[in-house]
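>>> coords please:
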Amino acid sequence: MSAETVPVESGQDEEQGTEGRKGFSRDVLKLVSGTTVSQALVIIASPILARLFSPEAFGLLAIFTSITKVLGVVSCLRYEFAIMLPEEERDAVNLLALCCAIVTGISLLTLPVMLFFESAIVTFLNAPGLAGNLWLVAPFVFVTGLFAALNYWNSRTRRYGRLSVARVVSSVAITGGQLAAGFGGSATGGALIGASAFGQGVATGVLGAQIYRDDRRRFSRHVSLTGIRSMLVRYRKFPLFESWSGLLNVSSWQLPSLLLPVFFSPVQVGYYSLAFRLIVLPMDLIGSAIQQVFFQRASNAERDGRLGDLTEPVFRILLRIGLFPMLTLALIGRELFSVVFGTAWAEAGLYTQLLAVWALVWFISSPLSTIYMVQEKQGFGLTMNIANFITRFAAIVAGGLTGSARLSILLFGVAGIVVYGFLCVRLLMFSGIPARRTAQIVGKALLPFLPVAALLGALKYAGAPMILPLVVGIGACGLYYLFLLRKDPELREVFSGIGLPGMR
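Reported below is the predicted structural model:
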C-alpha cells in the first residue's frame with residue numbers, strides 16, 4: 001500500500017499521524033540546522049585553506065584520517081548500532097556502557113602499535129610527513145568511537161539538538177585551528193592533523209557532557225555487569241557480522257587515500273580529498289540527518305509492518321534533492337574548482353566530475369542502508385561490503401598499474417555506481433518496493449535535468465568561456481530547488497516541518 005493511500009481510521013489516528021509527520025521533519029530539521037552551520041563553516045573556509053595549504057598537506061591529512069576511520073569503525077565492535085534496537089531502556093543503557101568499555105580497550109591497544117610500527121607505516125604509504133603524528137591515532141580513535149556510541153544513544157532518545165551543538169562546536173574548533181595554523185606560518189599536514197584531532201575531541205566532550213547532564217540517572221539506575229554481559233551475547237551478530245562488514249565498507253571508502261600515495265604521491269591524495277570533501281559535504285547535509293531519523297523510525301515501522309510506507313517517500317525525496325546538483329557537477333566540476341579554489345586545484349575539479357554520479361547513488365542508498373540492520377540481515381550487508389571492497393581495490397590498483405591517477409578515480413567511481421546501485425534496489429525490495437516502481441521514480445526525477453544537460457554540453461562543445469557554463473549550472477540548480485519548494489509537497493514538508501507522507 002502506497003504512502004498516499006494509507007487509511008486513517010479515526011480523527012485520533014489522523015491527529016497522531018500528523019504529529020508523526022511533524023515529528024519526523026522536526027527531528028530532521030534539528031539535525032540539519034547543526035549540520036548546515038558546521039558544514040557552511042567548512043565550505044566557506046575551504047577556498048582560504050586551499051590557498052594556505054598545499055595539496056600535499058591535504059593529502060597527509062587524508063591519509064591520517066583514513067587510518068583512524070579504518071580503526072575507528074571497529075572501535076565499538078559495531079555494538080553502537082544495536083543501541084537503537086531494544087525496546088527496554090535498560091538494555092540500551094547497558095549497550096552504551098558496553099561500547100564505552102570496548103572503545104577504551106581498543107584505543108589503549110592502538111597506541112603502542114602506532115608507536116612501534118610508525119616507520120614501517122610511513123614508508124609503505126610513501127608519506128614521510130606523517131612521521132611524528134601517528135601517535136595521535138589512538139586518542140583520535142577513542143574520541144571518534146565514543147562519539148559514535150553517544151550519537152546513537154542521542155538518536156534513540158531523540159535529543160537531536162544536542163548533536164547539532166556538538167557538530168557546530170567541532171566545526172568551529174577544527175576550522176579555526178586550521179586557519180590559525182595556516183596564517184601563523186605552520187601550513188603543514190601535521191597542523192591540519194592536530195586541528196582535526198582537537199576539534200573531534202572537543203565535539204565528543206560537548207556531546208558527552210550534555211548526555212551526562214540529562215541522562216546520568218538512567219545510567220546509574222540501569223547499568224550493571226550482568227546487563228552488559230547480556231547485551232554482549234544478545235547482539236553478538238553485530239561484532240560477528242557487522243564489524244567485518246563495517247571494516248570492509250570503511251576500508252573501501254579509504255582505499256584512494258591509502259593506495260594513491262603508494263602508486264603516486266600525497267599530492268594526488270590531496271586532489272582527491274578536496275574533491276571528495278566538497279562533493280560529499282552538501283549531500284551529507286541532508287542525508288546524514290535523514291539517515292539518523294529514518295533509522296529510528298524504520299525500527300518502529302518494521303515492527304508495525306509499515307516499512308514500505310516509510311521508505312518510498314524518503315527515497316523520492318533523496319532522489320529529488322541529489323540528482324540535479326550532482327549531475328550538474330559532473331559537467332562543470334573542473335570549472336567550479338578552478339574559479340573557487342584557483343587553477344592549482346583544477347585537477348581536483350576533474351576528480352569531482354568523475355565521482356559525481358557515484359556520489360549521487362551513494363547519497364540515496366546510504367540513509368536506506370539501515371534497512372538491512374533493522375531487519376537483522378547482517379549477512380547481506382557483509383556480502384555487499386565484500387563486493388564493494390574488492391571492486392574498489394581492483395579499480396584503484398588497475399589505474400595505479402597503468403600510471404594514471406585519473407583512471408583510478410574513474411574506475412573507483414564506476415565500481416561504486418554498480419555496487420551502490422544494486423544495494424539501493426535491493427533495499428527498496430526488502431521494504432516491499434519492486435524494481436519496476438524504482439525505475440519509474442528515477443525516470444520521473446531525471447526529466448527536469450535533461451534540458452540543462454543539453455545546454456551545458458552545447459556550451460562546453462562550443463568552447464564557451466569557463467564562467468558561462470558555471471553560471472548556467474549554478475543558476476539552473478537554484479531555479480530547480482525554488483521550483484521544488486513551491487511545487488513539490490513532499491520536499492516542502494521536510495523543510496517546513498509539516499512531515500512526510502510515509503509517517504501516516
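
>>> CA atoms of stretch 439-449 as CSV?
The C-alpha coordinates for stretch 439-449 follow below in CSV (Å, rounded to 0.1, in the frame of the first residue of the first chain):
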residue,chain,number,x,y,z
ALA,A,439,12.8,2.7,-12.2
GLN,A,440,9.6,4.8,-12.6
ILE,A,441,10.6,7.1,-9.8
VAL,A,442,14.1,7.5,-11.1
GLY,A,443,12.9,8.3,-14.6
LYS,A,444,10.5,10.9,-13.4
ALA,A,445,13.1,12.6,-11.3
LEU,A,446,15.6,12.7,-14.2
LEU,A,447,13.4,14.5,-16.7
PRO,A,448,13.9,18.1,-15.4
PHE,A,449,17.7,17.8,-15.8
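
>>> Give me the contact list for that stretch.
312, 315-316, 319-320, 323-324, 327-328, 480, 483 (CB atoms under 8 Å, 6 or more residues apart in numbering). Backbone N, C-alpha and C define where each C-beta goes, glycine included.

>>> quick one: low-confidence ranges for this protein?
1-35, 160, 282, 284-286, 289, 292, 488-504 (pLDDT under 70).

>>> now the strands: where do they sit in it?
In the chain, no strands are defined using DSSP state E.

>>> Most widely separated two among the contacts of stretch 439-449?
The most widely separated members of those, counting by CB to CB, are 312 and 328 (25.5 Å).

>>> burial of the closest residue to residue 57 other than its chain neighbours, as a residue count?
Leaving aside its sequence neighbours, residue 57 sits nearest to residue 189 (CB to CB, 6 or more residues apart in numbering; 4.3 Å). As a burial measure, residue 189 scores 24 neighbours (other CB atoms under 10 Å).

>>> Residue 189 and residue 127: what is the separation?
From residue 189 over to residue 127 the distance is 8 Å, taken as CB to CB, to the nearest Å.

>>> and if you look at residue 151?
Counting by CB to CB, the gap between residue 151 and residue 127 amounts to 30 Å.

>>> Compare the two (neighbour count), which wins?
For residue 151 versus residue 127, the count of surrounding residues by other CB under 10 Å is larger for residue 127: 24 against 20.

>>> check contacts around that one.
For residue 127, the contacting residues are 59-60, 63, 261, 266, by CB under 8 Å, 6+ apart.

>>> what residues are up against residue 413?
354-355, 357-358.

>>> between those, which is nearest residue 411?
residue 354 (9.2 Å).

>>> OK, contacts around the closest one?
406, 409-410, 413.

>>> which one of the contacts of stretch 439-449 has the most neighbours?
Of the contacts of stretch 439-449, with other CB under 10 Å as the count, residue 315 tops at 25 neighbours.

>>> was I right about that one contacting residue 364?
Yes. Using CB atoms under 8 Å, residue 315 is in contact with residue 364, at 6.9 Å.

>>> List phi and psi for residue 186.
Dihedral pair for residue 186: phi -110, psi 60, per degrees, to the nearest 10.

>>> residue contacts, it?
Residue 186 neighbours (CB under 8 Å, 6+ apart): none.

>>> swap in residue 480?
Neighbours of residue 480 in contact, by CB under 8 Å, 6+ apart: 324, 448.

>>> if we can go back for a sec, so can I have JSON lines of the contacts of residue 127 showing distance to residue 297 and neighbour count?
What follows is the contacts of residue 127, written out as JSON lines (distance: CB to CB, whole Å; neighbours: other CB atoms under 10 Å):
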{"residue": "59", "distance to residue 297": "39", "neighbour count": "29"}
{"residue": "60", "distance to residue 297": "40", "neighbour count": "29"}
{"residue": "63", "distance to residue 297": "37", "neighbour count": "28"}
{"residue": "261", "distance to residue 297": "41", "neighbour count": "24"}
{"residue": "266", "distance to residue 297": "42", "neighbour count": "28"}
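
>>> would TSV of those with distance to residue 221 be doable?
Formatted as TSV, these follow (distance: CB to CB, whole Å):
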residue	distance to residue 221
59	49
60	46
63	44
261	50
266	50
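
>>> roughly how far is stretch 108-122 from the heart of the chain?
The chain centroid and the centroid of stretch 108-122 are separated by 27 Å under CA atoms, centre = their mean, to the nearest Å.

>>> ok, residues contacting that stretch?
Contacts for stretch 108-122 (CB under 8 Å, 6+ apart): 67, 71, 128, 130-131, 134-135, 137-138, 141.

>>> mind listing which of the residues you listed are in helices?
Judged by DSSP state H, helices contain the following of the contacts of stretch 108-122: 67, 71, 137-138, 141.

>>> Pick out the most distant pair among these.
Maximum pairwise distance in these, criterion CB to CB, is 10.9 Å, between 67 and 138.

>>> Return the members of the contacts of residue 354 classed as buried.
With burial judged by 16 or more other CB atoms under 10 Å, the buried subset of the contacts of residue 354 is 409-410, 413.

>>> Closest to residue 243 out of the residues you listed?
Using CB to CB, these come closest to residue 243 at residue 413, 27.0 Å.

>>> pretty sure residue 357 contacts residue 325?
No. Assessed by CB under 8 Å, residue 357 is found out of contact with residue 325, at 12.0 Å.

>>> Please identify which of those two sits among more neighbours.
More crowded of residue 357 and residue 325, by other CB under 10 Å: residue 325, with 23 against 19.

>>> Please name the nearest non-neighbouring residue to the more buried one.
Nearest non-adjacent residue to residue 325, counting by CB to CB, 6+ apart: residue 477, 5.1 Å away.

>>> Quick check: the gap between the one you found and residue 322.
Separation of residue 477 from residue 322 (CB to CB) stands at 11 Å.

>>> again with residue 432
Counting by CB to CB - residue 432 and residue 322 are separated by 23 Å.

>>> Comparing the two, which shows the higher neighbour count?
Each of residue 432 and residue 322 has its neighbours counted (other CB under 10 Å); residue 322 has more, 21 against 15.

>>> Test my guess that the more buried one contacts residue 364.
Yes. Residue 322 is within contact range of residue 364, at 6.3 Å (criterion: CB under 8 Å).

>>> from memory residue 76 sits against residue 105, does it?
No. Between residue 76 and residue 105 there is no contact under CB under 8 Å: 10.4 Å.
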